[in-house]
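K.L.:
Turn this into a structure:
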Amino acid sequence: MSTMTQTPGPEIVVRGFLEEVRSGNHPDDAHRYLADVVLAHQLTGEQETTLRRTPADYADHVRDMINDHGRFTLDVLTLVANADLVAVTWRQTGEHHPHVPAAAPVIELASCTYRVHDGRIVEYWLLLDRLGIEHQLENPTSRPDRSGGDRP
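P.N.:
Sure, this is the predicted structure:
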């Protein structure tokens, strides 16, 4: 009798990836969620670039974020799945050690659309509010608090 294994759906793959890997909890589990090579489209106001990331590259990327921002929280604000695409928006709250005191949070707002094939993320399009991050670093007193509200 043969055993059939069912491939997890795109929404389950992306949720697991966000909770386990992107969150910084278990970066080395990237191989469980990412294809051997992932096309990572970085869409910023400065330029559009496409990187080819491996699971090991992505794990290093998450560790770099932890080094740059300390332990951070990742709050998924929206997640919508349609066929092989999963669109997500999140708020990542951390501290930018090289520029500000440890008590001052830096909040990154981003949206990302992931394409999943055969139970693995094969491509994504990331739109990041880099200007907002720069503004927070330049004007520490205007930064929002960790709850998302403005500081007095």
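K.L.:
Geometric centre of this structure: which residue is closest?
P.N.:
Centrality entry for the chain: nearest residue to the mean C-alpha point is residue 22, 4.9 Å, by C-alpha atoms, centre = their mean.
K.L.:
hey, where'd the helices end up in this protein?
P.N.:
Remark: helices assigned in the chain by DSSP state H are 10-17, 30-33, 55-69, 130-138.
K.L.:
export those to TSV and tack on mean pLDDT?
P.N.:
TSV is the format used below for the helices of the chain (pLDDT from 0 to 100):
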stretch	mean pLDDT
helix 10-17	98
helix 30-33	98
helix 55-69	91
helix 130-138	76
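K.L.:
wouldn't the residue nearest to the centre of the chain be in contact with residue 61 here?
P.N.:
No. When contacts are counted by C-beta atoms under 8 Å, residue 22 is not listed as touching residue 61 (9.5 Å). Just so you know, the C-beta spots here come from the backbone N, C-alpha and C atoms, and that holds for glycine as well.
K.L.:
hang on, the earlier thing: how about the nearest residue to the residue nearest to the centre of the chain, chain neighbours excluded?
P.N.:
Closest residue to residue 22 apart from its sequence neighbours, by C-beta to C-beta, 6 or more residues apart in numbering: residue 74 at 6.1 Å.
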